[in-house]
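**Student:** this is the structure alone, sequence omitted:
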C-alpha cells in the first residue's frame, strides 16, 4: 500500500516505478468517436527483462490483456531486444455497450465488440507517439509543491498468507532415504543396457576410456555443481553395469535431452528438470544449510522501484540465505556484495534479482509460505533456459541430479520433467 500525495498521472507513475522512469516516459493521446487512448509508454531504451510495469485500464478499471499487450509491443517493431518488456500505463475509454466485462470472475479480462479495430488503433497510436517523442529529449514536468515537499511514508507490503508452516510447503519426511531410493531406481533403469556404439574406446581394464572434459562444462558449473560422486561410476552396483551400459545423452532443439535406458529412452525437459533440482536445493538452504556466496570484486549499487524495494526489505534475510549478500544502502537503493556461487552464466546480479522479485510477486496469489515462494522464485530465475546448449557432461550431471531429487517427476510449477518411451511402443508404431 502506498500513501502518496495528490498528483497527475505522470507523478503517480514516477512515485510507483521510481525516479528513473521520469525521463523515459512518452505521452500517448488519441481520440475518436469510438475510442480514446491516453497515458504513457516508456522509451525503447527503457525496457525490463521481466513483467510488472505494464498496465491497462478500460473505463478506469484495471484489466489484463495479452491481446492488447501484443499490440503495444508490435508498435515498438525492431526497437526492443528479444524477451524484453516495455513500460506502459494506458487508459482506454470506450462506450460501455461496446465491451463485455462478464468473461472473467475477477472482471480483469474483458471482450471488445470489435477487437481487431481496438488492436489496430492502439498499435497505431503507440507507434505515432514513439515516432513523435522517443528521440526528442523530454523536458521534465513541473513539480507540484505536494509532490516535492511531502515525504512519502514507507510502503507497507501486504502479501497475504505468509504461513511458513503451510502444508503446501514441500516437506519430505526423509529426504536422504528418498534420494537413496531414487538413485537405486535410476541404476535399475540402466541395468543390462549394452554399449551399442561400436566406436567407443576402452582402457586396459575394459572400462570406457575417460574423455577430456568438454570446454563447455564451465558454463554448467555456474548452474549445477559437478560434484564428486555424480559420475556414472559412483552410481554403480557390484557388477559395474551402470557405467558399462551408459550411453551418452544428447540434446535436441536446445530444449530436450535424450537419454537411453534399458527399456527404451527418456526425454527430459532441461528447464523443468533444472527448476526441480534448484528448488529442492534452495528449499533446503532456507531450512538448514545456506547456499555459498561468491563475493563480488566490486560491490554494485542497485536502485529498485519503491514496491520492489519494500518487498526486498521484507524478505532480505531469506534472500541472503539463498547465497546473496545484499545490504540496504538508504532509500530504495541496495548494495550487492555477493551472489549465489551457483548462479548461471549470462545473468547479471541485477537481472537475477529482478527475476527473483518478479517470480516471488507472481507466486503471492498462491498463498505459499515465504520459504517455498522464495525457493520457487529463485529456482525459476536461476534455472537453465530453453535454447541453452549443453555438453554431454553437463547433460549427464543434470540427469544424475534430477534423479537424486526427492520428487523428480515434475517442476515446482507442475510441469512434467521427463517422459519415457518404451521399445515395445516404438515397434508397434513402426509396424502399423
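**Tutor:** Structure received. Please read these numbers as outputs of a predicted model, since none were measured by experiment.

**Student:** in the stretch 1-150 of the chain, which spans are helices?
**Tutor:** Secondary structure of the stretch 1-150 of the chain (DSSP state H, counting those that start in this stretch): helices at 9-17, 66-76, 115-133, 145-149.

**Student:** quick one: buried residues of the third one?
**Tutor:** Pointing back at helix 115-133 there. 118, 119, 121, 122, 123, 125, 126, 127, 129, 130, 133 (16 or more other C-beta atoms under 10 Å). Backbone N, C-alpha and C define where each C-beta goes, glycine included.

**Student:** before we move on, the earlier item: closest one to residue 299 among the helices of the stretch 1-150 of the chain?
**Tutor:** Among the helices of the stretch 1-150 of the chain, the nearest to residue 299 by C-beta to C-beta is helix 9-17 (24.7 Å).

**Student:** pLDDT (mean, whole number) over the closest one?
**Tutor:** The pLDDT scores in helix 9-17 average 91.

**Student:** packing partners for that helix?
**Tutor:** Other helices and strands packing on helix 9-17, by 3 or more C-beta pairs under 8 Å, 6 or more residues apart in numbering; DSSP states H and E, are strand 35-42, helix 306-321.

**Student:** pull up the pairing partners for the first one, direction included.
**Tutor:** The reference is to strand 35-42. Applying DSSP bridges to the sheet, strand 35-42 is found paired with strand 25-31 (antiparallel), strand 88-94 (antiparallel).

**Student:** pick the most deeply packed of the ones you listed.
**Tutor:** Counting by mean count of other C-beta atoms under 10 Å, strand 88-94 has the highest mean neighbour count of those, with a mean of 20.

**Student:** hmm, who's touching that strand?
**Tutor:** The list of residues contacting strand 88-94 from outside it, by C-beta atoms under 8 Å, 6 or more residues apart in numbering, reads 9, 13, 28, 34-42, 53-60, 72, 112, 118, 122, 126.

**Student:** and stretch 322-335, by the same measure?
**Tutor:** The contact list for stretch 322-335 (C-beta under 8 Å, 6+ apart) reads 18, 282, 285-286, 290-295, 299-306, 308-309, 312-313, 316, 319-320, 336-343, 353, 374, 378.

**Student:** chain center to that stretch: distance?
**Tutor:** 21 Å (C-alpha atoms, centre = their mean, to the nearest Å).

**Student:** let me see the mean pLDDT of it.
**Tutor:** 88.

**Student:** got the buried residues for the longest strand seen in the chain?
**Tutor:** Longest strand in the chain by number of residues (criterion: DSSP state E): strand 293-303. Using 16+ other C-beta under 10 Å as the test for burial, strand 293-303 gives 293, 302.

**Student:** just checking, what packs against that strand?
**Tutor:** Short answer (3+ C-beta pairs under 8 Å, 6+ apart): strand 293-303 packs on strand 325-330, strand 333-340, helix 349-363.

**Student:** would you turn these into TSV with mean neighbour count and distance to residue 416?
**Tutor:** Formatted as TSV, those follow (neighbours: other C-beta atoms under 10 Å; distance: least, C-beta to C-beta, whole Å):
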stretch	mean neighbour count	distance to residue 416
strand 325-330	14	34
strand 333-340	19	27
helix 349-363	19	20
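
**Student:** could you export the ones you listed as TSV, including distance to residue 417?
**Tutor:** Formatted as TSV, those follow (distance: least, C-beta to C-beta, whole Å):
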stretch	distance to residue 417
strand 325-330	31
strand 333-340	22
helix 349-363	19
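
**Student:** nearest to residue 269, out of those?
**Tutor:** helix 349-363 (18.2 Å).

**Student:** let's have the helices and strands packed on helix 9-17 in CSV, adding distance to residue 264.
**Tutor:** Converted to CSV, these look like this (distance: least, C-beta to C-beta, whole Å):
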stretch, distance to residue 264
strand 35-42, 50
helix 306-321, 41
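
**Student:** buried deepest among the ones you listed, which one?
**Tutor:** strand 35-42 (a mean of 21).

**Student:** for it, the averaged confidence score.
**Tutor:** Mean pLDDT, computed over strand 35-42, is 94.

**Student:** now do it and helix 115-133, the angle between them.
**Tutor:** Here the directions of strand 35-42 and helix 115-133 differ by 50 degrees (axes from the mean of the first three to the mean of the last three C-alpha atoms, to 10 degrees).

**Student:** residues touching strand 35-42, excluding its own?
**Tutor:** Contacting residues not belonging to strand 35-42 are listed as 9-10, 13, 21, 24-31, 53, 57, 72, 86-94, 117-118, 121-122, 125-126, 129-130 [C-beta under 8 Å, 6+ apart].

**Student:** quick one: which of the helices of the stretch 1-150 of the chain is nearest residue 252?
**Tutor:** Taking C-beta to C-beta, helix 66-76 is the member of the helices of the stretch 1-150 of the chain nearest to residue 252, at 28.7 Å.

**Student:** what's that closest one packed up against?
**Tutor:** Using 3+ C-beta pairs under 8 Å, 6+ apart: helix 66-76 touches strand 54-58, strand 85-86, helix 115-133.

**Student:** sorry, back to before: now the strands paired with strand 35-42 in CSV, with mean pLDDT and distance to residue 108?
**Tutor:** Shown next, in CSV, are those (pLDDT from 0 to 100; distance: least, C-beta to C-beta, whole Å):
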stretch, mean pLDDT, distance to residue 108
strand 25-31, 92, 22
strand 88-94, 95, 14
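
**Student:** export those strands to JSON lines and tack on distance to residue 404?
**Tutor:** Listed next are the strands paired with strand 35-42 as JSON lines, based on distance: least, C-beta to C-beta, whole Å:
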{"stretch": "strand 25-31", "distance to residue 404": "50"}
{"stretch": "strand 88-94", "distance to residue 404": "44"}
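
**Student:** closest one to residue 271 among the ones you listed?
**Tutor:** Of all the strands paired with strand 35-42, strand 88-94 comes closest under C-beta to C-beta, at 28.4 Å.

**Student:** the inter-axis angle of that closest one versus helix 9-17?
**Tutor:** Put simply, strand 88-94 runs at 130 degrees to helix 9-17, going by the same axes, to 10 degrees.

**Student:** quick one, strand 88-94 and strand 54-58 angle?
**Tutor:** Angle, strand 88-94 to strand 54-58, by the same axes, to 10 degrees: 10 degrees.

**Student:** how far off centre is strand 88-94?
**Tutor:** Strand 88-94 sits 28 Å away from the centroid of its parent chain (C-alpha atoms, centre = their mean).

**Student:** cool, and stretch 6-16?
**Tutor:** Worked out by C-alpha atoms, centre = their mean, stretch 6-16 lies 29 Å from the chain centre.

**Student:** with that, I have no additional questions.
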